[in-house]
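S.K.: output the structure for:
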Amino acid sequence: MKVSEIMSPHPLTVSPDQTLGEAAELMQRIDAGFLPVGEDDRLVGMLTDRDIAIRGVGAGKGPGAKVREVMTDDVCYCFEDEEIEAAARNMGAQQIRRVPVIDRDKRLVGVLSLGDIAVRQAAETAGDALEGIAQPSDLHG
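M.R.: Just a heads-up that it's a prediction; the model follows:
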């Protein structure tokens, strides 16, 4: 089964020039802790509620700070035509619970989460990914 068959399509994005306050309000409205960051029709980063809390508020930045100041720009992603098992293995290895999905033109087309895998794919695949995600690591200090 391909990633495109179970991903959440058409994700909302924020711009690197939007404020942390705007991003946080959007996260609250859609009940999400993750937003892809897009610029000129390209994926340029990811923003999590943890980024806002740790790199933003924890570093003394207020709600007027720009998303680009705290976003993660080293983006892990998968392709829409990739097999789910391969994407899940990579998520486990990178210890991430959700990943942006891009097409072969590198345009954002969706988001794949551990929940998507658990609900729509074999529980074993989600369990394998979660096992990797749950391992102690210094990657996400």
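S.K.: pass me the low-pLDDT residue ranges in the chain, would you?
M.R.: 120-141 (pLDDT under 70).
S.K.: apply 90 and report the result again.
M.R.: 1, 40-42, 85, 88-89, 91-97, 106, 113-141 (pLDDT under 90).
S.K.: helices of that one, start to end?
M.R.: With DSSP state H as the criterion, the chain has helices at 20-30, 49-50, 84-94, 114-120, 123-133.
S.K.: so which of the ones you listed comes closest to Gly56?
M.R.: Gly56 sits nearest to helix 20-30 of all the helices of the chain, at 5.1 Å, using CB to CB. For glycine as for every other residue, the C-beta is placed from the backbone atoms N, C-alpha and C.
S.K.: phi, psi of the residue sitting furthest away from the middle of the chain?
M.R.: In the chain, counting by CA atoms, centre = their mean, Gly60 sits farthest out from the average C-alpha position, at 24.0 Å. The phi/psi pair for Gly60 (degrees, to the nearest 10) reads phi 90, psi 10.
S.K.: if I look at it, how far off is Glu69?
M.R.: 11 Å (CB to CB, to the nearest Å).
S.K.: re the thing from before, against Pro16, how distant is the residue farthest from the centre of the chain?
M.R.: On the measure of CB to CB, Gly60 and Pro16 end up 20 Å apart.
S.K.: one more: Arg50?
M.R.: From Arg50 to Pro16 the distance is 18 Å (CB to CB).
S.K.: ok, now Leu112?
M.R.: 22 Å.
S.K.: who's more crowded, these two?
M.R.: For Leu112 versus Pro16, neighbours defined as other CB atoms under 10 Å are more numerous around Leu112 (25 against 16).
S.K.: test my guess that that one contacts Val101.
M.R.: Yes. When contacts are counted by CB atoms under 8 Å, Leu112 is listed as touching Val101 (5.3 Å).
S.K.: anything in contact with each of the two?
M.R.: Shared contacts of Leu112 and Val101, defined by CB atoms under 8 Å, 6 or more residues apart in numbering, comprise 3, 7, 78.
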